[in-house]
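[1] Show me the folded form of this:
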Amino acid sequence: MGNFIAAVHGVRQVLVGRIVTMDGNGTIYPHGAICIEADRIAAVVADPGHVPNEFAGITPIDTHGTIYPGLIELHNHLSYNFLPLWNVPKTYTNRNQWREHEPDYKISISLPSNVIGGNVDVDYPRSIARFVECRSLLGGTTTTQGLSRGGGSKWYQGLTRNVEAPRDSAFPAAGGQTLDYAAAQIATDLVPALQKDRPFFYHLSEGTDQDARQRFLDLQYTPNTWAIDPDLIPIHCTGLQAADFQRIAGAAGMVWSPLSNLLLYGKTADVASAKAAGVPIALGSDWSPSGSKNLLGELKIARIVSDHLGGLFSPEELSRMVTSTPAKMLGWQGQVGSIERGLKADLLILDGDTGDAYAQLIRARENDVLAVLINGRPRHGRLGFLDFDAKEQERILIGGKDYVLDLTEAGDDPLAGLSLGTAIAKLTFGLAHLPELAASAPAPTIMGFQAIERDAITIDFELEDDQRFSTLQDIMKAAAPVLKPLPMSPITAVDDPGFIPALKANINLPTYVKQAL
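    The predicted structure follows:
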């Protein structure tokens, strides 16, 4: 065990296993070695016996597993992901129908997210940040999208990479817009955003009706001139017609969230037309009220849709939707997304090294994960598999197997000392006592404003940047009589026996999906 610890805690380490590089050639080494120096990959070799000389004295760690790049998620709303799956009451044709006019949405999603996220007890927003980042991490995700706006963004400080706040100048930081731009705003807001030479996420045409498609047509803001360029990353594209994807091909690619689309609208984007037009496609699980627990879950839904479309995507193509493709869409391909010399050592290791390696990733559940490394550092792993400092580790049980988390950060960590277990307990209590928390919201005093503005997690569907936080307090007070307690759902799908039955009970989910779950 001494050599094992030295191998991990030294400047250099060597991991041995089946290596799925996701490089341009689709190289897979059946039994290769990844040589890591500090936070980067120094070498990838087909034979562990032929590592570079400077790694010859390092005791290799034979994972007996399959090693992939860490998964990259390009569509999420992180700060909602402590809420349970929503029992969708009807079929919608446009997201503004449920967001603006559905009473049950307010009671089940909007108000609870504000009561917890905007609570003056800062341990609530801190617990949200801890829980939702761990939820991604436990599903193999090392890079996430959907960082909340406002003061609450300070809580997301380094566990997973965040595309809006990468905290590393080598990674272009992304911008974005969740709510629809009015037609006039395309020229005044979107076009200038695209001129900043950075990735820009825009929720486009989420819905199936003409109004949803009109948001795409609005991108032609002057005759023959479209607000579409390689910095634009449109999300959803559910309402687009087949020919529209020829135009979308001018963007960086699109982000597909099939489960959320199917649960809310009964259909998802025309990905067959997108593929035919050459549009790169990345996957996103959207959010917990109508999405998968993590990318491992969303991969399974994408496979079901692909199979229904006659095997539209190969297992390799689906696997690239969460690795190399999103990295290229972000302009991060020189840093992450594949296992190649010089890239960051963001890695996912799964148990076992037989069968089709891409199918293994799609099939994997959270308790198939052996380890997740970010910057070469094990952040999550099977107990005893990789070395964790005993003073920094938190033990958890996933699918009946013992795991360890390393949640510590260097420097001034805003979540310091907050374990995942404590965060789960805090959120469980908060959801069970929503009416009381809402009723006890502070009066809109000056001190109340300052505390909430400094610490609250802003919920991106609910409040625009120019709204006063007093509005949030007024909402809480009015919400108290109508709110109901909500359950705290397990953080992983493998530990949530009610998750698949809840999906199957959804009135919009197509029969072919229910039968395949």
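[2] Near Pro103, how many other residues are there?
    9 (other C-beta atoms under 10 Å). Where you see a C-beta, it was placed from the backbone N, CA and C, and this is true even at glycine.
[3] could we number from 7 for the rest of this?
    I'll keep to 7 as the first residue from here, and by that count the last item is Pro109.
[4] Phi and psi next, for it.
    In terms of degrees, to the nearest 10, the main-chain angles of Pro109 are phi -60, psi -40.
[5] what do you get for the one 3 residues further on?
    Phi and psi for Lys112, reported as degrees, to the nearest 10, are phi -60, psi -40.
[6] and what of Arg309?
    Dihedral angles for Arg309 - degrees, to the nearest 10 - are phi -70, psi -40.
[7] Low-confidence ranges, the protein, go.
    Counting by pLDDT under 70, the chain contains low-confidence ranges at 7-16, 154-159, 394-397, 448-479.
[8] can you count the residues close to the nearest residue to Ala257 once chain neighbours are set aside?
    Residue nearest to Ala257 in three dimensions, not counting chain neighbours: Leu238, with 4.3 Å by C-beta to C-beta, 6 or more residues apart in numbering. Taking other C-beta under 10 Å as the criterion, the count of residues near Leu238 is 24.
[9] ok, now how distant is the closest residue to Thr228 other than its chain neighbours from Ala180?
    Once flanking residues are discounted, Thr228 sits nearest to Ala193: 7.4 Å by C-beta to C-beta, 6+ apart. To Ala180, Ala193 is 21 Å away according to C-beta to C-beta, to the nearest Å.
[10] Who has more neighbours out of those two?
    With neighbours defined as other C-beta under 10 Å, Ala193 and Ala180 compare such that Ala180 has more, 23 against 15.
[11] isn't the more buried one right up against Phe206?
    Yes: with contacts counted by C-beta atoms under 8 Å, Ala180 reaches Phe206, the gap being 6.7 Å.
[12] What is the three-state secondary structure of Lys306?
    helix (DSSP: H, G, I helix; E, B strand; the rest coil).
[13] There's contact between it and Ala370 in this structure, I believe.
    No: contact criterion C-beta under 8 Å: Lys306 and Ala370 do not qualify, at 9.3 Å.
[14] Show me what the residue nearest to Ala257 bridges to in the sheet.
    Taking DSSP bridges, one obtains Phe206 as the residues bridged to Leu238.
[15] In contact with it, which residues are there?
    Residues in contact with Leu238 (C-beta atoms under 8 Å, 6 or more residues apart in numbering) are Leu200, Phe206, Tyr208, Ala257, Ala258.
[16] just to revisit the earlier point, could you report the separation of the residue nearest to Thr228 from Gln226?
    In terms of C-beta to C-beta, Ala193 sits 11 Å off from Gln226.
[17] hey, what's in contact with both of those two?
    Joint contacts of Ala193 and Gln226 (C-beta under 8 Å, 6+ apart) are Ala233.
[18] Can you give me the distance of the residue nearest to Thr228 to Asp224?
    Distance from Ala193 to Asp224, by C-beta to C-beta: 10 Å.
[19] who's in contact with stretch 243-257?
    When contacts are defined by C-beta under 8 Å, 6+ apart, stretch 243-257 is touched by residues 210-216, 218-219, 221-222, 225, 232, 234-236, 238-240, 260, 262, 267, 271, 273-276, 279-280, 282-285.
[20] can I get the CA coordinates of that stretch in PDB?
    What follows is stretch 243-257, C-alpha atoms only, in PDB (Å, rounded to 0.1, in the frame of the first residue of the first chain):
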ATOM      1  CA  CYS A 243     -34.100  23.200 -30.800                       C
ATOM      2  CA  THR A 244     -37.300  21.100 -30.300                       C
ATOM      3  CA  GLY A 245     -39.500  23.300 -32.500                       C
ATOM      4  CA  LEU A 246     -37.200  23.400 -35.500                       C
ATOM      5  CA  GLN A 247     -38.200  21.900 -38.800                       C
ATOM      6  CA  ALA A 248     -35.900  19.700 -40.800                       C
ATOM      7  CA  ALA A 249     -34.600  22.400 -43.100                       C
ATOM      8  CA  ASP A 250     -33.900  24.700 -40.200                       C
ATOM      9  CA  PHE A 251     -30.900  22.600 -39.200                       C
ATOM     10  CA  GLN A 252     -29.100  23.600 -42.300                       C
ATOM     11  CA  ARG A 253     -29.000  27.000 -40.800                       C
ATOM     12  CA  ILE A 254     -28.100  25.700 -37.300                       C
ATOM     13  CA  ALA A 255     -25.000  24.000 -38.900                       C
ATOM     14  CA  GLY A 256     -23.400  27.500 -38.800                       C
ATOM     15  CA  ALA A 257     -23.400  27.400 -35.000                       C
END
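[21] buried residues in it?
    Within stretch 243-257, the residues that count as buried by 16 or more other C-beta atoms under 10 Å are Cys243, Thr244, Gly245, Leu246, Asp250, Phe251, Arg253, Ile254, Ala255, Ala257.
[22] Glu398: how many residues sit nearby?
    Counted by other C-beta under 10 Å, the residues lying close to Glu398 total 11.
[23] Do I have it right that it meets Thr414?
    Yes: between Glu398 and Thr414 there is a contact at 4.6 Å, judged by C-beta under 8 Å.
[24] on that earlier part again, what do Ala180 and Phe206 both touch?
    Shared contacts of Ala180 and Phe206 (C-beta under 8 Å, 6+ apart): Ile239.
[25] which non-adjacent residue is nearest Gly38?
    Leaving aside its sequence neighbours, Gly38 sits nearest to Ile25 (C-beta to C-beta, 6+ apart; 4.5 Å).
[26] Give me the three-state assignment for the one you found.
    strand.
[27] thought Gln399 was touching Asp408?
    No: between Gln399 and Asp408 there is no contact under C-beta under 8 Å: 11.2 Å.
[28] just to revisit the earlier point, quick one: contacts for the residue nearest to Gly38?
    Ile34, Tyr35, Gly38, Ala39, Ile40, Val50, Thr72, Ile73, Ile345.
[29] ditto for Thr214
    By C-beta under 8 Å, 6+ apart, the contact list for Thr214 reads Thr99, Asn100, Thr244, Gly245, Tyr271, Gly272, Lys273.
[30] ok, now with 10 Å
    Thr97, Tyr98, Thr99, Asn100, Thr244, Gly245, Asn267, Leu270, Tyr271, Gly272, Lys273, Thr274 (C-beta atoms under 10 Å, 6 or more residues apart in numbering).
[31] Check the contact lists of Ala193 and Asp224 and give me the overlap.
    Contacts common to Ala193 and Asp224, judged by C-beta under 10 Å, 6+ apart, are Tyr187, Ala233.
[32] what's the longest helix along the chain packed up against?
    Longest helix of the chain, by residue count under DSSP state H: helix 129-144. Here helix 129-144 touches helix 117-123, strand 147-150, strand 375-380, strand 383-388, strand 399-404, strand 407-412, helix 426-438, helix 452-461, going by 3 or more C-beta pairs under 10 Å, 6 or more residues apart in numbering; DSSP states H and E.
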